[in-house]
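1. sequence first, then the predicted structure:
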Protein chains: 2
Amino acid sequence: MKKGMTWLDQPSGWVDAKGFEAAAASCDIRNKQNDRLDLALFVSSAPCTAAGVFTLNAVKAAPVRQCQAALASGKAIHAIVANSGNANACTGARGEQDAASMQAATAKALNVDLSSVLVCSTGRIGEFLPMAKIEQGIPTAATELDGKDSSGHAAADAILTSDTRRKVAALEVSVGSGSYRISAVAKGAGMIQPNMATMLAFVSTDAGLDTELLQSCLRKAVDQSFNAITVDGDMSTNDTVLLLANGASGVRIDAADSAAVAAFQEALNAICYDLAEKIVGDGEKITKVVELRILGAADDGDAEKVARAIGNSLLVKSSWYGEDPNWGRLLDAAGYAGARLEESKLKLHYRAAAGEEAVPVFVDGLGLAERKPDWKAIVRRKRFIIEMDLGIGQGAFRLLASDLTEGYVHFNKSE
Amino acid sequence: MKKGMTWLDQPSGWVDAKGFEAAAASCDIRNKQNDRLDLALFVSSAPCTAAGVFTLNAVKAAPVRQCQAALASGKAIHAIVANSGNANACTGARGEQDAASMQAATAKALNVDLSSVLVCSTGRIGEFLPMAKIEQGIPTAATELDGKDSSGHAAADAILTSDTRRKVAALEVSVGSGSYRISAVAKGAGMIQPNMATMLAFVSTDAGLDTELLQSCLRKAVDQSFNAITVDGDMSTNDTVLLLANGASGVRIDAADSAAVAAFQEALNAICYDLAEKIVGDGEKITKVVELRILGAADDGDAEKVARAIGNSLLVKSSWYGEDPNWGRLLDAAGYAGARLEESKLKLHYRAAAGEEAVPVFVDGLGLAERKPDWKAIVRRKRFIIEMDLGIGQGAFRLLASDLTEGYVHFNKSE
């Protein structure tokens, strides 16, 4: 972390940056007759520039299409309204109408333009939203909006589904002219609950940036964080990352000032990577996080193919769960990834943590069985690093992956 | 099945076709001090034309490379020697040498040319073969070669790893000039035991065919059978399908006789599909086989992408295990398959079996929840059919897939 950047010890998520407010409400969207928070408002009273990155799934939920259309207009953004418990996906024209109604109810409750409201949903696929409950919850939440930690936490909790813990992070960046903050909130990785779909992350900053620069920074940050994790390899219909900038800190970041842009990018990368790691670490019934570092590939694309083949292999993930240093499965998965590779050039090392010894596993076409006790010690850890150097070129990719457990299968076998 | 084709009621595998012999031996390759059969000889005293289809994995086991080289020479083939318990994969130059030694020992024991022997291995990756044991087992097996059912069964058993049952099939085809047979033996799907790798199938026919025609027929048969199944999505280092034709029936099939070629192709397709279904049905700790029929895709490639995305989705497979008609997960997986599709054009039906009602699940952009009791009745079956029509073009693909169980994860979590 660069000088001048400081993690907030007790982040509250969205509201750590100046001028941002949050609130949550209980709408009983799952119809369970409980008072779980399941609707959240993430607001800036000042108008924001905004950027978004969305699922590439051809089956997109209605709120994803709503966000994309709202951002494409280029108009100022004031708020995000988000619900958990129902993804509003595969719901046809009525789903579109429901997303529009959430937008309208929020605009009315906040007294802002319709076009300044973004809509997100996460949860069950293929059921209609209980709109009467939601349209009651939105104005209720709006009366409780403030910038307090408790509201930030409540809103962060309201978007969770099968997550076992709240995911928030915040950074302060000092610059010559003062300081600004980036704060963020996220929810769980993988389609981690029956029909639950899936990851959301909302990032607020009180720095001021143009829309184009904001979008460029977000795209880069997402590629090295949320796009470099896997729990179960299933890409959801609802994945959404949104970044709003309101300029309330008084710090303005111009595209021409490359040092300022670089600092903002680094801080945004750090925030997104922190949340991505939290998402994997709270993946559904996982017991381990494995950092896969693929090096020496013909290009970055090949490195990513190998990383994803390994990180999504059922056999590899099962062996991680079993704390078995089963390198044959890693080589097998690398081999079918569709990347250029030669067995004789490939080198595989296990590492307990960054800075620890890279213990050789497979070098010069052969396994080094005499180091097996060291391999075993490493794969017994909750988090460890696997390095595979294909020995061909300069391509690299880093992927955070989880193991696969009997608990995952049991949890997901029925609604 | 066409007129003139008859399944053999009690196939013995390799030896049902005339002029083929088999034998097996116990070499204790896994070093477990037991007398499990783990080495097999599949032989034709008459010289054969031969064809092969192999894993596309960039990490190929030494015996796979040996088979490819032997077939490329175009010389007559007399025998296949195969062991289970050790894949001879990722074993470097010594692995190459060991495969060559297996070939040489077999050629010597059978008194045939070195180039007429094909070598196959299946089992653990990354360990050297116990060559002393194997070189003792080969001549022992060779003294017991015959064309009896018991020898065919012993050889079929010797190539199994975590399979729970023997996999054999045989067909007789009547033609104007007489009749010929196709018989075959296979072993398990998926890398279904710790480090076990993976599927082998050996097909014998006493029809006579040129090498080029034989290879063309085998390629087509494999594409619609062994290449259209998935247990865990992991492609092994050792997958091998071999077809030997010795002409001993006196029936010759010439490329110019399109009716005769079509009949042979149909019989070969039927044999391969039968074994492929047996392999999926005996997949590691599975409880269900699901036939995915993708229709109406822009092309066959898109249909295959959708079928594989669904058939390999952890969430879909877990829901099959749970007998949960969870169509949202199917649409989600189709959406990220990378195929052209539009949610509003897509139609999804469940079907208990061929010829039974196609029960609508998702049509015109909406789920038909009122049919849920019928969906549930279908997904409770041991085998059922899912039809997804993308409504775009004429592309189609059929995939046989298994569910994912807690037992699979438990079984594969360590060596």
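-> Received it, and whenever you're ready, just let me know what you need.
2. alpha carbons only for contacts and neighbour counts from here, please
-> OK.
3. distance of the nearest residue to residue A:336 once chain neighbours are set aside from residue B:272?
-> Residue nearest to residue A:336 in three dimensions, not counting chain neighbours: residue B:57, with 4.6 Å by Cα to Cα, 6 or more residues apart in numbering or on different chains. Going from residue B:57 to residue B:272 by Cα to Cα, to the nearest Å gives 21 Å.
4. hang on, the earlier thing: which strand or helix spans the residue nearest to residue A:336?
-> For residue B:57, there is no host helix or strand (DSSP states H and E).
5. tell me how many other residues surround it.
-> Per other Cα atoms under 10 Å in any protein chain shown, the neighbour tally for residue B:57 reads 20.
6. go ahead and confirm it touches residue B:65.
-> No - look at residue B:57 against residue B:65 with Cα atoms under 8 Å: they stay out of range, at 11.6 Å.
7. which residues are in contact with residue A:158?
-> Taking Cα atoms under 8 Å, 6 or more residues apart in numbering or on different chains as the criterion, residue A:158 is in contact with A:24-25, A:36-40, A:83-84.
8. now do residue A:249
-> A:18, A:179-181, A:206-208.
9. same check, this time on residue A:105
-> Applying Cα under 8 Å, 6+ apart, the residues contacting residue A:105 are A:135, A:138-139.
10. now tabulate these in TSV and tack on secondary structure.
-> What follows is those, written out as TSV (DSSP: H, G, I helix; E, B strand; the rest coil):
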residue	secondary structure
A:135	helix
A:138	helix
A:139	helix
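11. and of the residues you listed, the nearest to chain B?
-> residue A:135 (23.1 Å; Cα to the nearest Cα).
12. around chain B, which positions in the stretch 201-350 of chain A sit nearby?
-> Applying Cα under 8 Å from any Cα of the partner chain, we find that the stretch 201-350 of chain A lies next to chain B at A:232-237, A:313-315, A:318-324, A:326, A:328-329, A:331-336, A:338, A:340-344.
13. tell me, how many residues neighbour residue A:217?
-> 20.
14. and residue A:30, by the same measure?
-> Residues within reach of residue A:30, counting by other Cα under 10 Å, total 16.
15. surely it and residue A:87 touch.
-> No - counting by Cα under 8 Å, residue A:30 sits too far from residue A:87 to count as a contact (11.1 Å).
16. how about the helices in the stretch 51-200 of chain A?
-> Per DSSP state H, counting those that start in this stretch, the stretch 51-200 of chain A carries helices over the ranges A:62-72, A:92-110, A:131-142, A:149-158.
17. quick one: the helices in the stretch 301-415 of chain A, in order.
-> A:314-321, A:327-335, A:372-379, A:406-412.
18. quick one: closest of those to residue A:102.
-> helix A:406-412 (29.5 Å; Cα to Cα).
19. return the set of buried residues in that closest one.
-> Buried positions in helix A:406-412, judged by neighbour count with 16 or more other Cα atoms under 10 Å in any protein chain shown: A:406, A:408-412.
20. remind me what it packs against, helices and strands.
-> helix B:314-321, helix B:406-412 (3 or more Cα pairs under 8 Å, 6 or more residues apart in numbering or on different chains; DSSP states H and E).
21. can you tell me which of those is nearest to residue B:241?
-> Closest to residue B:241 of the helices and strands packed on helix A:406-412 is helix B:406-412 (Cα to Cα; 24.9 Å).
22. what sits up against that closest one?
-> Contacts of helix B:406-412 (Cα under 8 Å, 6+ apart): A:315, A:318-319, A:322, A:404-407, A:409-410, B:192-194, B:284-286.
23. quickly list the domain ranges of chain A.
-> Domain ranges of chain A: A:5-281, A:289-412, per automatic domain parsing.
24. for the shortest one, the distance to its chain's centre please.
-> In terms of Cα atoms, centre = their mean, to the nearest Å, the gap separating the centre of domain A:289-412 from the centre of its chain is 23 Å.
25. not including adjacent chain positions, what is the nearest residue to residue A:90?
-> Residue nearest to residue A:90 in three dimensions, not counting chain neighbours: residue A:126, with 5.0 Å by Cα to Cα, 6+ apart.
26. give me the mean pLDDT for stretch A:183-201.
-> The predicted model assigns stretch A:183-201 a mean pLDDT of 66.
27. and for stretch A:89-108?
-> On average, stretch A:89-108 scores 96.
28. list the buried residues in that stretch.
-> Buried residues in stretch A:89-108, counted by 16+ other Cα under 10 Å: A:89-92, A:95-96, A:98-107.
29. what two of the residues you listed are the furthest from one another?
-> A:90 and A:107 (24.9 Å).
30. Provide a list of residues in contact with the spatially closest residue to residue A:60 that is not a sequence neighbour.
-> Nearest non-adjacent residue to residue A:60, counting by Cα to Cα, 6+ apart: residue A:237, 4.8 Å away. Taking Cα under 8 Å, 6+ apart, we find residue A:237 in contact with A:55, A:57-61, A:89, A:197-198, B:332, B:335.
31. buried subset of those as a ChimeraX selection?
-> Here is the ChimeraX command that selects the buried residues among these (16+ other Cα under 10 Å):
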select /A:55,57,58,59,60,61,89,197,198 /B:332,335
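32. of the contacts of residue A:237, which pair is most distant in space?
-> Most distant of the contacts of residue A:237, by Cα to Cα, are A:58 and A:198, 15.2 Å apart.
33. phi, psi for residue A:252 please.
-> Backbone torsions for residue A:252, taken as degrees, to the nearest 10, come to phi -110, psi 130.
34. where in chain A is pLDDT low?
-> A:1, A:189-197, A:232-235, A:415 (pLDDT under 70).
35. top helix in it by residue count?
-> As assigned by DSSP state H, the longest helix anywhere in chain A is helix A:258-281.
36. which residues sit against it?
-> A:5, A:167-171, A:173, A:182-189, A:217-218, A:220-222, A:224-226, A:229-231, A:253-255, A:288-289, A:400-402.
37. repeat that for stretch A:367-382.
-> Contacts of stretch A:367-382 (Cα under 8 Å, 6+ apart): A:287-289, A:320, A:323-325, A:350-352, A:359-362, A:384, B:90-91, B:126.
38. wait, which of the helices of the stretch 51-200 of chain A is closest to residue A:306?
-> When those are compared (using Cα to Cα), the closest one is helix A:62-72, at 29.6 Å.
39. go through that closest one and flag the buried ones.
-> Quick answer for helix A:62-72 (16+ other Cα under 10 Å): A:62-68, A:70-71.
40. quick one: which of those is nearest chain B?
-> Nearest to chain B out of the buried residues of helix A:62-72 is residue A:62 (Cα to the nearest Cα; 11.5 Å).
41. show me what contacts that closest one?
-> A:88-91, A:95-96, A:99.
42. which two of those residues have the greatest separation?
-> Spatial extent of these (Cα to Cα) is set by the pair A:90 and A:99 at 12.6 Å.
43. closest to the centroid, which residue in chain A?
-> For chain A, residue A:226 is the residue whose C-alpha lies nearest the centre (Cα atoms, centre = their mean; 4.3 Å).
44. mind listing what it touches?
-> Contacts for residue A:226 (Cα under 8 Å, 6+ apart) come out as A:272-273, A:276.
45. including distance to residue B:157 and neighbour count, could those residues go into JSON lines?
-> Formatted as JSON lines, these follow (distance: Cα to Cα, whole Å; neighbours: other Cα atoms under 10 Å in any protein chain shown):
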{"residue": "A:272", "distance to residue B:157": "54", "neighbour count": "28"}
{"residue": "A:273", "distance to residue B:157": "51", "neighbour count": "21"}
{"residue": "A:276", "distance to residue B:157": "48", "neighbour count": "28"}
